[in-house]
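J.: Got a sequence here, can you build the structure:
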Amino acid sequence: MPRPLKHVFVCVQRRAEGHPRGSCSQHGCDELMNAFLGEIQKRNLFDKIAVTNTGCLGPCGFGNSVLVYPEGVMYGKVTKEDVPAIIEEHLLGDRPVERLKVPDFVWS
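T.: Presented below is the predicted three-dimensional model:
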């Protein structure tokens with residue numbers, strides 16, 4: 001397996017309805033994960049981009065959360081409609097999608 005150039009982590013955290021932190025599952029994370037996998041497959045990018053589902057990435061108030069490495073860029077409130085932009089602009093074009101980035105205070 002070749003080493004990927006980028007690695008995308010998609011939060012699929014599930015918490016009980018009404019949990020104070022909420023969860024990405026309440027915002028359609030399964031559809032988001034499927035959108036990433038579908039686009040990667042459609043574009044035949046499996047040798048360049050890895051996609052992994054994960055538990056909580058931290059900023060639950062900004063769900064759906066997506067984290068891209070090696071840059072360490074965190075996106076929030078991502079929808080399946082945002083996936084093509086993330087792939088084109090960031091994963092292939094090396095330009096993070098500014099409108100989707102979480103505020104800097106998330107990392108402090």
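
J.: So what pairs up with Ile49 in the strands?
T.: Taking DSSP bridges, one obtains Lys6 as the residues bridged to Ile49.

J.: can you pull the contacts of it?
T.: Going by C-beta atoms under 8 Å, 6 or more residues apart in numbering, Ile49 touches Pro4, Leu5, Lys6, His7, Val8, Ile40, Ile87, Leu91. No exception for glycine: its C-beta is placed from N, CA and C like everyone else's.

J.: Kindly report the same for Phe46.
T.: Ile40.

J.: ok, back up a step: now, among the contacts of Ile49, which is nearest to Glu71?
T.: Closest approach to Glu71 among the contacts of Ile49 (C-beta to C-beta): Lys6, at 8.1 Å.

J.: residues contacting the closest one?
T.: For Lys6, the contacting residues are Lys48, Ile49, Ala50, Val68, Tyr69, Pro70, His90, Leu91, by C-beta under 8 Å, 6+ apart.

J.: Low-confidence bits of the chain, can you list those?
T.: Flagging of the chain using pLDDT under 70 yields the residue ranges 13-16, 18-28.

J.: Show me what the residue nearest the centre of the chain is bridged to.
T.: Closest residue to the average C-alpha location of the chain: Val66 at 2.3 Å, with C-alpha atoms, centre = their mean. Listed beta-bridge partners, Val66: Val10, Tyr75 (assigned using DSSP bridges).
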